[in-house]
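Enquirer: coordinates for the following, if possible.
(one chain, ligands or ions: 1)
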Amino acid sequence: MKKNLSMLVFASLLFVSTMEAQNSMKLDFISAEVTINKNIYGQFAEHLGRCIYDGIWVGSESNIPNVNGYRKDVLEALQELDIPVLRWPGGCFADTYHWKDGVGPAAERPNIKNVFWGGSIEDNSFGTNEFLNLCEMLGCDAYISANVGSGTVEEMVDWITYMTSDEDLPMVNWRRENGREKPWNVKFLGIGNESWGCGGDMRPEFYADLLRQYSLYANLYGQNKLKRIGCGANGADYNWTEVLMDRARRNMDALSVHYYTIATGNWGDKSSATGFNEDLYFKGLKEAMRMDDILTKHSAIMDKHDPSKRVPLMVDEWGIWTNVEPGTEPGFLYQQNSMRDALIAAISFNIFHEHAERVQMANIAQTVNVLQAMLLTNDKQIIKTPTYHVFNMYKVHQDATFIPSTVNSEEYKMGDQTLPSITATASKNKDSKVNLSLSNLNPNKSIEMIVDLTGGQVKNVNVASVLTSPAFNSINDFDNSNTVTPTKFSDYKISNNQLNVKLPPHSIVCIEMQ
Ligand code: AHR
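Expert: Residues are numbered from 1 along each chain as shown. A predicted model of the protein is given here:
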């Protein structure tokens, strides 16, 4: 009996040390209480390069299969992602956009010059009606970015009235003439974009006053109360957040922040989206992980001014920004998308989940053909990028309850720099299914890890998938569109509250358990 007892003690010590050893994850089911807002899986589509025109909108006369002008293949691919919210029309474009140019009969809409993005001529054939109808077709909320940089309060108020009012008013009657009887359900309104830069080159003190002014009028018109999103900081500009929270926290319903991953850390030469070496692979992942520090520091400032967390933080532009594909217009920001992008998306989602209490929206830049896109198009062809597949695999976390966890991971080293090899996240949905997403960042070795499920009432794996590729810089292109695509995953064992998983090199594994 005594012998059995000491063996038991030895066995449990062994078990505990295994759990504390490298490459393990312990889920804390008891502390699971924060909801992962589905809007963290939001998108951003700007009038930039071939995002709207070619990417989403081809017009009903096009020989590219379309539904009333919207590309059919793009529409179907986006419908599959369960996009919760779509931000439009910019970006920098938003602060040059005068919405009245984009409504009424298409033939009568004026041309304008897209001054920030390659100087292209914009014919305004995609405007407010086309955007809001798209949101309805995607079943997502609309996030409109209002023009503060070169617009007026009156223009914004007219726009809100046009979109959201049901009364007998000139703007509403104009909407009716334009074929839309009922108002749309617009939920989010951005008060300017990057007002510290392309949105007006303002100081935070000046912008804080404008935010107060625009916000006041934004909610006096129309039937629905818009969630007014204050323009937030450029990455690590904490002073911007400090000033905005100090002077205008009562005048906004959320504050944004933008952070882009630049693998070289240098805006001058961001490096290629393809064919990069392991050093740039590593740097890209490391730069993406800076998101955690940025959110932590902005949140600390917000906590000081807003301890009850009434004002959420919205990361309404994020993603990797590389050099454009050779031979393409630099102002169109068309870049390829690799397995590195997929891992950056997984890293970012894992970080957003950790910050789910404060971070309640994120919008990847951008949906089609621009920056870290879901989809790339070339005439009638379409590619689902590695990033698309991560959005599809991770959509199970939308509106689920975040399960805090402790991850012990071996290091992935590059010179004197290190990264944890494993990044992971977990959530429980309303049907009590537990979804686990595990990534191995190390491209040189597979990693066996143990997940402790004690307390989770979890017995079986329902379904599991893996996204990996021949190399860390593999891409999908128009000749081989399925090089990086999810497949069924079976390299796991589950028993006695323990899941053992073998993660392939540079891979993302998603497992649903019950
Ligand atoms: O997403 C591309 C651009 O990046 C956006 O227009 C701007 O807001 C940001 O600088």
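Enquirer: for the closest residue to the ligand within the stretch 51-200 of the chain, give its distance to Gly192.
Expert: Residue nearest to the ligand within the stretch 51-200 of the chain: Gly91 (2.7 Å; CB to the nearest ligand atom). Yep, even glycine has a C-beta here, placed from its N, CA and C like the rest. From Gly91 across to Gly192, the span is 11 Å (CB to CB, to the nearest Å).
Enquirer: list residues touching both of these two?
Expert: Listed contacts common to Gly91 and Gly192 are Ser145; contacts here mean CB atoms under 8 Å, 6 or more residues apart in numbering.
Enquirer: more neighbours, the two?
Expert: More neighbours surround Gly91 than the other of Gly91 and Gly192, with 30 against 26 (other CB atoms under 10 Å).
Enquirer: apart from its neighbours in sequence, what residue is nearest the more buried one?
Expert: Closest residue to Gly91 apart from its sequence neighbours, by CB to CB, 6 or more residues apart in numbering: Glu46 at 3.7 Å.
Enquirer: confidence score at the one you found?
Expert: pLDDT recorded at Glu46 is 98.
Enquirer: please renumber the chain so that the first residue is 799 from this point on.
Expert: Noted, 799 is the first residue going forward, which turns the last one into Glu844.
Enquirer: tell me how many other residues surround it.
Expert: Residues near Glu844, counting by other CB under 10 Å: 28.
Enquirer: before we move on, what about His1187?
Expert: 20.
Enquirer: ok, it - contacts?
Expert: Contacts of His1187 by CB under 8 Å, 6+ apart are 1140, 1265, 1282-1284.
Enquirer: write a ChimeraX command that selects only the buried members of those.
Expert: This is how ChimeraX selects the buried members of the contacts of His1187, with burial counted by 16 or more other CB atoms under 10 Å:
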select :1140,1265,1282,1284
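Enquirer: select from the contacts of His1187 every entry located in helices.
Expert: Cross-referencing the contacts of His1187 against helices under DSSP state H gives Ala1140.
Enquirer: could you pick out which of the contacts of His1187 are near the ligand?
Expert: The overlap between the contacts of His1187 and the neighbours of the ligand (CB under 6 Å from any ligand atom) is empty.
Enquirer: what's the neighbour count on Thr1199?
Expert: Around Thr1199 there are 18 residues (other CB under 10 Å).
Enquirer: which residues touch it?
Expert: 830-834, 1225-1227.
Enquirer: closest approach to the ligand from the stretch 1149-1298 of the chain, which residue is it?
Expert: For the stretch 1149-1298 of the chain, CB to the nearest ligand atom, closest residue to the ligand: Ala1163, 3.9 Å.
Enquirer: so that residue makes contact with Tyr1058?
Expert: Yes - assessed by CB atoms under 8 Å, Ala1163 is found in contact with Tyr1058 at 7.3 Å.
Enquirer: now do the shared contacts for the two.
Expert: 1115-1117, 1119, 1169.
Enquirer: now tabulate these in JSON lines and tack on neighbour count, pLDDT and distance to Asn1037.
Expert: Shown next, in JSON lines, are these (neighbours: other CB atoms under 10 Å; pLDDT from 0 to 100; distance: CB to CB, whole Å):
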{"residue": "Glu1115", "neighbour count": "25", "pLDDT": "98", "distance to Asn1037": "19"}
{"residue": "Trp1116", "neighbour count": "26", "pLDDT": "98", "distance to Asn1037": "21"}
{"residue": "Gly1117", "neighbour count": "27", "pLDDT": "98", "distance to Asn1037": "24"}
{"residue": "Trp1119", "neighbour count": "19", "pLDDT": "98", "distance to Asn1037": "23"}
{"residue": "Leu1169", "neighbour count": "28", "pLDDT": "98", "distance to Asn1037": "26"}
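Enquirer: and those residues near the ligand, which?
Expert: Applying CB under 6 Å from any ligand atom to the shared contacts of Ala1163 and Tyr1058, one finds that 1115, 1169 fall near the ligand.
Enquirer: on that earlier part again, and the residue nearest to Gly889, what does it touch?
Expert: Contacts of Glu844 (CB under 8 Å, 6+ apart): 850, 886-892, 915, 1163-1164, 1168.
Enquirer: follow-up on the earlier one: just checking, which of the contacts of Thr1199 belong to strands?
Expert: 1225-1226 (DSSP state E).
Enquirer: out of the contacts of Thr1199, which are buried?
Expert: 830, 832, 834, 1225-1227.
Enquirer: and these as JSON lines, adding pLDDT and distance to Asp1197?
Expert: Listed next are the buried ones among the contacts of Thr1199 as JSON lines, based on pLDDT from 0 to 100; distance: CB to CB, whole Å:
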{"residue": "Ala830", "pLDDT": "97", "distance to Asp1197": "14"}
{"residue": "Val832", "pLDDT": "98", "distance to Asp1197": "11"}
{"residue": "Ile834", "pLDDT": "98", "distance to Asp1197": "7"}
{"residue": "Ser1225", "pLDDT": "98", "distance to Asp1197": "9"}
{"residue": "Lys1226", "pLDDT": "98", "distance to Asp1197": "11"}
{"residue": "Asn1227", "pLDDT": "97", "distance to Asp1197": "8"}
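Enquirer: just the residues you listed now: which is nearest Arg1088?
Expert: Ile834 (21.1 Å; CB to CB).
Enquirer: the closest one reaches Pro1202, doesn't it?
Expert: No - contact criterion CB under 8 Å: Ile834 and Pro1202 do not qualify, at 11.8 Å.
Enquirer: low-confidence ranges, the stretch 1049-1198 of the chain, go.
Expert: Scanning the stretch 1049-1198 of the chain for pLDDT under 70 picks out nothing.
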